[in-house]
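Trainee: Sequence first, predicted model second:
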Amino acid sequence: MKLSNIFSKRNRVLLRELVVTDFKLRYQGSVLGYAWSLLKPLFLFAIMYVVFGVLVRLGTIEHYAVYLLLGIVLWTFFSEATNQGMNSILARGDIIRKINFPKYIIVISTTISALVNLTLNLVIVAVLMAFNGVDLHISALLLPLYIIELYVFALGLSLFLSALNIKYRDTGHIWEIIMQAAFYATPIIYPLAVVIEKSQIAAQVLMLNPVAQVIQDARHALITEETITPGQLFSNPLFVLIPFVIVITTFIVGAVYFKKNSRFFAENI
Amino acid sequence: MSNEEIAISVNNVVKSFRIPLEGSSGLKQKLINRIKGRHGYRDFKPLNDISFQINKGDFFGIVGRNGSGKSTLLKTIAGIYSPNSGSIKVNGTLVPFIELGVGFNPELTGRENVYLNGALLGFSRSEITAMYDDIVSFAELDDFMDERLKNYSSGMQVRLAFSIAIRAESDILVLDEVLAVGDADFQRKCYEYFMSLKNNKRTVVLVTHDMSAVRQYCNRAILIENGEILKAGHVEEVAQEYQKLFLHNDESSQNADDDSWGDGGVEIKNVKVKPNNDTIRISATFKATKDIEPPVYGFTLFNKSGTDVLEGNTIKERTKTAPVSKNDSVTIEWEFPNILADGTYTLSVACCDESVTNYYQWLNNAAEFKITKDERTSGIVDPKIEVTIK
C-alpha cells in the first residue's frame, strides 16, 4: 500500500467513480432522493430533542438543541462510515472476483460517501446555529481537524472490520451490538457533567474514546465553552493524548491487517 | 530468449483453495472445529506446479475441460488470485476480461455504466468522454444511453460492454470465453476484433474450450488437465490432445496413436483425393463397427507447414446424415474449387457424433497429394483472380 499508488491517476479516477456511483445509488427509486441524507439525522434529532431536551431534562447546557444535533450528526457519520465500510468489500465481491485493483479504494470510497453526507448535515447544523444565535468563535476553525481525526479513526476501523467480515460473517452482528453500547457510552444525548456528578473516573474513562473526545472538542470549538473537553477533565496532559494514540494505532493495525488479507479477498468472498 | 520479448512468465505456480466443509464461515463453527480437533476445510489444488512463458505478440490459448483449472490459472495471471507458491511475472500493463461489463449496475443508466466500467478498465473520465460516441455507435445503442441498464436486453448489455472492452489499450489482454455469448452478429464482431488483435501482434491470452477458435487465432497453446499442463506448444497438437480427452476409456482407445484416434466406432478407409486444374474431389469410406446415430463426417486440409488451409464437414455444409447400422459403410464425397497454392498437402479425415464431442475416428495423414500450379505464390491459397484494367 504505497502512498504513491494510493494517489496514482488510475486509482483517483476509480475512487471518484465509485463515490459518485455510491451516491447515485443510495436513494435510487425513492421519492425524496438525496433529501433522505438530511431527513434521517433530522428525525433522529427531533426524537432525541423531544425526549431528552423537553421531557427528561438531562442537565442544563446552553444551546442544547444545537449541542445535541452536532453530537448526533458526528455520531451518524461515524456509524455510517464504519457500518458501510465494514460491508463494502463483501458488497463489491462481484468486481473483486473479476478484476484486479487495489481493494482499499472500495473502503475509502464508502467512507468518503459518508463524509459527503456529514458535510451536508453540517449545513443543517450551521442553519440551526444561526437560528439559535450561537456566536461563532475563531476556535470554529478547529472543526475540520476534529473531523479528519474522526475520519481516520473510522477508516482504520473500516479497513479492519471489512477484512475481518470476509473471514467471519459474525463481524457485522458483533459490531452492531458494540455500536449500540457505544452510543450510550458516548456523551451524545447527555452532557458529560451528568456523569461527572456521579463519578469523575467514569467520565474520564468515557473520554478516552476518540469519538467522545471528537464530539466534545467539536462542541467546545463550535457551540459553547461550557462543554467539558478532555483537556479540562484530565490533570495529566498525557491522558489527553490517549484518544489520538488510539486513532493512530487503530489506523495502522487496520491498514496492516487489511493489506495482509486483501490478497485473498477474491477467493474468500 | 531475451527478457524483453517475454510478456508473461509463469514459474512453478501452485494454487490451492480451502473449501469449508460445513459451508459456514462463522465463529461458532470455528470454535466447534477447534474443540473437536477438526480442520473444518479440505484443500483443493486447482493449479499444481504450472510453468510456461508467453512471448510478446503471442495469441496464446489455454484450453482444458470444465474444472481443469484453466480459469483459476487465468485469474492468477490476472492478479485476482495470488499463488500459494511460485511466481508470475507480467511485462507491461494487463487488462483481464473474465467477464464483460465488470461493475455494471442495473440501476445506473447506460452512460453512467460506461464511465464506471471504463474506470475499472483504467480509463480516465476525459479519455472515456473522448471515445464515448464511438462506444455508443459501435454498440448501436444511441437511443438508449439515458435509460437504466435494467431496461436493456441481455444482448444490448453485452454489446455495450464489448464496445467498451475493445477500447482497452493495454499491452496484454486476457480473455475468458468471451465468445460464448451473444448472437451471430455479435460473434462476427468478436471474430473481427480477435482478427485485428492477431494482425496487430497484440499479446492475447485466450481461455476457451472452442477448438475452432484456438485453431483460428492462437499461435501457441497449452492444455490443462487436473491442474497440470498436459500438452504445450503447437496449436494443432494441443487441440487434438484436447479432443482425445473426451474418448471413453474402453479398450479400443488404447490403439489411439498419433495418426489415428477415437473410440473406434467407425473405421475410415479408401481416402482418395483427385485434384485437377478446376476442382479437388475428396472421397472416403466410413465403416461403422457399431450402430451409430447420425454422425458428422469431415476433413481438414493441411499444407506443408502444418497450417490448416480449409475444412469441410457435414455440419458446415448443412448436409443431413443418416444413422449407420453396425458393419454398414457410407462413402462421402466432397468437391470444391481448386484454389490451393502450389505445394504438398496432407489430409485428416474424421467422423464424430452430432455434438462433436465424441470422435469415432480421427485419421491424420489419411492422404497426401501435390498441387502443381504454373506460378508459385506466397499465399496459402491461389484462386483464379480476374484482373480488369479500366
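Mentor: Arrived safely, thanks for sending.

Trainee: From here on, just use CA atoms for contacts and neighbour counts.
Mentor: Fine.

Trainee: packing partners for the helix or strand in which residue A:71 is found?
Mentor: Assigned by DSSP states H and E, residue A:71 belongs to helix A:64-91. Applying 3 or more Cα pairs under 8 Å, 6 or more residues apart in numbering or on different chains; DSSP states H and E, we find helix A:64-91 packed against helix A:35-48, helix A:104-132, helix A:143-167, helix A:171-185, helix A:210-222.

Trainee: Give me whichever of those is most buried.
Mentor: Most buried of these, by mean neighbour count (mean count of other Cα atoms under 10 Å in any protein chain shown): helix A:210-222, with a mean of 24.

Trainee: could you measure the residue of chain A positioned farthest from its centre against residue B:194, distance?
Mentor: The C-alpha centroid of chain A is most remote from residue A:98, which lies 31.1 Å away (Cα atoms, centre = their mean). Distance of residue A:98 to residue B:194, computed by Cα to Cα, to the nearest Å: 21 Å.

Trainee: what's the closest non-adjacent residue to the residue positioned nearest the centre of chain A?
Mentor: Taking Cα atoms, centre = their mean, the centroid of chain A lies closest to residue A:78, which sits 1.7 Å from it. Nearest residue to residue A:78, sequence neighbours excluded (Cα to Cα, 6 or more residues apart in numbering or on different chains): residue A:154, at 6.1 Å.

Trainee: Could you do residue B:104 as well?
Mentor: Leaving aside its chain neighbours, residue B:104 sits nearest to residue B:113 (5.7 Å; criterion: Cα to Cα, 6+ apart).

Trainee: just residue A:85 next, same as before
Mentor: Closest residue to residue A:85 apart from its sequence neighbours, by Cα to Cα, 6+ apart: residue A:158 at 4.8 Å.

Trainee: residues contacting the one you found?
Mentor: Residue A:158 is in contact with A:81, A:82, A:83, A:85, A:86, A:107, A:254, counting by Cα atoms under 8 Å, 6 or more residues apart in numbering or on different chains.

Trainee: now do residue A:122
Mentor: The contact partners of residue A:122, by Cα under 8 Å, 6+ apart, come to A:70, A:73.

Trainee: Distance check, residue B:73 against residue B:194.
Mentor: According to Cα to Cα, residue B:73 stands 21 Å off from residue B:194.

Trainee: between the two, who's got more neighbours?
Mentor: Shown here are residue B:73 and residue B:194; by other Cα atoms under 10 Å in any protein chain shown, residue B:73 has more neighbours (24 against 20).

Trainee: ok, then the element right after the helix or strand hosting the more buried one?
Mentor: Using DSSP H and E, residue B:73 maps to helix B:70-77. Next helix or strand after helix B:70-77 toward the C-terminus (DSSP H and E): strand B:85-90.

Trainee: Just name whatever secondary elements that next one is in contact with.
Mentor: Packing partners of strand B:85-90 (3+ Cα pairs under 8 Å, 6+ apart): strand B:6-20.

Trainee: gap between residue B:115 and chain A?
Mentor: For residue B:115, the distance to chain A (Cα to the nearest Cα, to the nearest Å) stands at 7 Å.

Trainee: Give me the mean pLDDT for the helix or strand harbouring that residue.
Mentor: If you go by DSSP H and E, residue B:115 is part of helix B:110-120. Average pLDDT, helix B:110-120: 92.

Trainee: is the host helix or strand of residue B:31 anywhere near chain A?
Mentor: Per DSSP H and E, residue B:31 falls inside helix B:27-36. Yes: using Cα under 8 Å from any Cα of the partner chain, helix B:27-36 reaches chain A at residue B:27.

Trainee: Centre of the chain to that helix, how far?
Mentor: Centre-to-centre, helix B:27-36 and its host chain are 45 Å apart (Cα atoms, centre = their mean, to the nearest Å).

Trainee: Can you tell me the number of residues neighbouring the closest residue to residue B:375 other than its chain neighbours?
Mentor: Take residue B:375 and drop its neighbours on the chain: the residue closest to it by Cα to Cα, 6+ apart is residue B:342, 7.7 Å away. Burial of residue B:342 is recorded as 20 neighbouring residues (other Cα under 10 Å).

Trainee: Got the phi and psi for residue B:342?
Mentor: With angles defined as degrees, to the nearest 10, residue B:342 sits at phi -60, psi 130.

Trainee: I'd like the mean pLDDT over stretch B:324-334, please.
Mentor: On average, the pLDDT along stretch B:324-334 is 92.

Trainee: which secondary element of the chain has the worst mean pLDDT?
Mentor: Picked chain A for this. helix A:3-6 (a mean of 57; mean pLDDT, DSSP states H and E).

Trainee: wrong chain, I was asking about chain B
Mentor: Using mean pLDDT, DSSP H and E, helix B:27-36 stands out as the lowest-scoring helix or strand of chain B, at a mean of 73.
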